[in-house]
Structure formats: C-alpha cells, structure tokens
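with the sequence up front, the predicted model follows.
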Amino acid sequence: NTKKIYDICVLAHISNRKGHLNFIEKIYEMKKIIPKIKVIFIGTNLLKNKIESSINYFGLSENIILKGYQTNVENFLLQSKILVLPSKIGEGLPTAIIEGLSKKLPIVAYDIDGNKEVIIDKFNGFLVDKNKDNMIEKVLKILQDDKIYNFLRKNSQAYLLKEFTNHIFYKKHNNYFEYD
C-alpha cells in the first residue's frame, strides 16, 4: 500500500471553468480544522499568476502543491487520499474521476452532468449540490472518518470494474443503438 502524502488530489487543467480559485478558498477553511492539510493540483496552469496569488493571499503555500501537467498521474493518485473535482460546469464523462476510482480513491465532485454518471453518492464518493455547496463538509467527512473513507474507497474501484469494463461499456453502448 502506497503511503498517502496528499489529503486531496485535484486532477484537471487549471482554468476558470474547473473551479480551482473557488476551491482554494475552501482549502483555506479546511486548514482551520486540518492545519497540515496537503493538496496537490495536477494539470496545466492556464490561470498563471492568478492561482499563485490566490494561494499566497490565503497563506496556503505550505498546503497546496502545483505540479503542472504530468504525463503519468498514477503515483500522485496512489499517494492521495481522495480526488476532488471542483468544476461546477458539466462536461461529458470526466476521465479524472475514472482514473481516481481505478486507484480506489473516494471522489468528491459537484452533482453535474458527467459526474453523476460515475459517482454514486455516499457509495463511492459524494456528489455536492452546487446550490447548497457543502463541499467542505463532504471532504472533511471523508478525511476525518476512517469508517466512511474505507467504505467509499472499497466501493470506488469495485463500481468502476462493475460498470466500466470494456465488455459492459460496449454492451451498454450497443444496446443504446439497437433499434426495434
């Protein structure tokens, strides 16, 4: 079992639509409860100085690591406790979530198109209502409760294998296109 270095991994290019700036404020709030919280952002930084300024403004330079674009994210995922996708804008099937599930990571993401195709709320992660926006509460619940963490972790890869193996995926795809 790989040692967990990071509490949270955010796997997405850094842009306005991906929600990193909003999430930095949430990390600031979580730091009040978990002072040594470690978060890794993996992805091309399209916001450049804006992201570093925000990290510095909230005093989070010891808590947030910017890794930039990585060709191999497997080790970062294995070294992380959970995967968070802070985007509030829907977009197809998020490969970051599938990669996270494949490494047994509980997922926390907003309840938007795409995310709800792969996250079963309270089973392999948490879906966050974007109006209520209780992401902090959901993340802390996983990080502070080993029972919840282990339950979600156990189910994450199992669900992925059950629903997204090539055979099942092709079967669902073909059923969709069958005509009477």
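Nice, thanks for sending it over.

Asn56 - how many residues pack around it?
11 (other C-beta atoms under 10 Å). No exception for glycine: its C-beta is placed from N, CA and C like everyone else's.

quick check: it is in a helix.
Yes: counting by DSSP: H, G, I helix; E, B strand; the rest coil, Asn56 is part of a helix.

tell me who's in contact with Ile27.
Contacts for Ile27 (C-beta atoms under 8 Å, 6 or more residues apart in numbering) come out as Ile8, Ile37, Val39, Phe58, Leu60, Asn63, Ile64.

and His20, how far is that from Leu46?
10 Å (C-beta to C-beta, to the nearest Å).

identify the contacts common to those two.
Shared contacts of His20 and Leu46 (C-beta under 8 Å, 6+ apart): Ile14.

which strand or helix spans the closest residue to Lys50 other than its chain neighbours?
In this structure, Lys50 finds its nearest non-sequential neighbour in Leu21, 7.0 Å apart by C-beta to C-beta, 6 or more residues apart in numbering. Here Leu21, judged by DSSP states H and E, is contained in helix 20-31.

gap between that helix and the chain center?
What separates the centre of helix 20-31 from the centre of its chain is 14 Å, taken as C-alpha atoms, centre = their mean, to the nearest Å.

ok, and for that helix, which residues are buried?
Using 16 or more other C-beta atoms under 10 Å as the test for burial, helix 20-31 gives His20, Leu21, Phe23, Ile24, Lys26, Ile27, Tyr28, Met30, Lys31.

what's downstream of that helix, the next helix or strand?
Next element after helix 20-31 (DSSP H and E): strand 39-42.

and the buried residues of helix 20-31, which is closest to Gly68?
His20 (13.0 Å; C-beta to C-beta).
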